[in-house]
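Novice: Here is a sequence with its predicted model. Questions after.
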Amino acid sequence: MNSTNRLFFTVFSALLLILFVGHSVQASVVITGTRVIYPEKQKEVTVRVNNTGTGPVVLQSWIDNGDVNARPEMLKVPFVLTPPINRVEPNKSQTLRISYTGSALPKDKESVFWLNVLEIPAKADTSSSQNYLQMAYRSRIKLFFRPTGLVGNPNDAAQSLVWTRTPGGLKATNPTPFHISLVTVGITGSKTAPVEGQMISPNNSLTFSLPGNTTGNSVDFEFINDYGALNKLSQPIKH
């Protein structure tokens, strides 16, 4: 399941809404994969970006540490991304290269960052008198930095969640060094509640408010693994 967030930007100043002429435009850039895993020992990781549209686009790419509103030039992250700006022709692709600078990060757990790709369509044909709004589209996916020597398998981390009851809901505790991204949560036999985008960080907890019956003895939930695949599990609720 793709967790990519498509955000519209107003393009006055840096991030771009421009009045042009012609027909309306739609997002055409697709990032291969829904997350990036960076093992500490790797020199670099690559991400492929495809332009599926009929016209060229300019891409601005950067990495942030969780602040969706931060300006790229103001960010300080332990990665170098190249190229930061490039043009991609229609039906062509671009490879983004990400390298770790070696700056200090926790050794006993994953760290999470975000890869951003801003798609700026090329200037439209101005021969027509018809005005339209040209949009810039932003895609944002998670980047997990994974230190060497972490105990356990990241794809099995969700099986280690500890579920306890709270008033009107459940609390999930993650005792592992890996992040766990949940999609739905619900008491077994009851309707599950969508919680897409909720991520439980290592050695941390998250509380979910649930509709309907919360008196069951087990919880059904869905999570996303390293490969972007949706997985389902059922686990007992601790009392």
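Specialist: Cool, the structure landed.
Novice: so where is this protein shaky, pLDDT-wise?
Specialist: 1-26, 124-134, 212-214 (pLDDT under 70).
Novice: Apply 80 and report the result again.
Specialist: 1-27, 122-135, 168, 191-192, 196-197, 211-215, 239 (pLDDT under 80).
Novice: domain parsing for it?
Specialist: 7-146, 154-238 (automatic domain parsing).
Novice: can you redo these as a markdown table with mean neighbour count?
Specialist: C-beta coordinates here come from the backbone N, C-alpha and C atoms, glycine included. Below are those laid out as a markdown table (neighbours: other C-beta atoms under 10 Å):
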| stretch | mean neighbour count |
| --- | --- |
| domain 7-146 | 15 |
| domain 154-238 | 16 |
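Novice: ok, T164 touching T207?
Specialist: No: T164 is not in contact with T207 according to C-beta atoms under 8 Å; the separation is 9.5 Å.
Novice: Now list whatever residues contact both of those two.
Specialist: 170-171 (C-beta atoms under 8 Å, 6 or more residues apart in numbering).
Novice: Now do the residue nearest the centre of the chain against I98, distance only.
Specialist: The chain has I141 as the residue nearest its centroid, 2.6 Å off, counting by C-alpha atoms, centre = their mean. According to C-beta to C-beta, to the nearest Å, I141 stands 12 Å off from I98.
Novice: which neighbours do those two share?
Specialist: Counting by C-beta under 8 Å, 6+ apart, the residues touching both I141 and I98 are 36, 115.
Novice: Dump stretch 192-206 to CSV, keeping only the CA atoms.
Specialist: The C-alpha coordinates for stretch 192-206 follow below in CSV (Å, rounded to 0.1, in the frame of the first residue of the first chain):
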residue,chain,number,x,y,z
THR,A,192,-11.7,-2.1,12.4
ALA,A,193,-10.8,1.6,12.4
PRO,A,194,-8.5,3.1,9.7
VAL,A,195,-5.3,4.4,11.2
GLU,A,196,-3.2,4.7,8.1
GLY,A,197,-0.2,6.9,8.7
GLN,A,198,0.1,6.0,12.3
MET,A,199,3.6,4.7,13.1
ILE,A,200,4.8,3.3,16.4
SER,A,201,8.5,4.3,17.0
PRO,A,202,11.0,1.9,18.6
ASN,A,203,10.4,1.4,22.4
ASN,A,204,7.4,3.6,22.3
SER,A,205,3.6,3.3,22.6
LEU,A,206,0.5,4.6,20.7
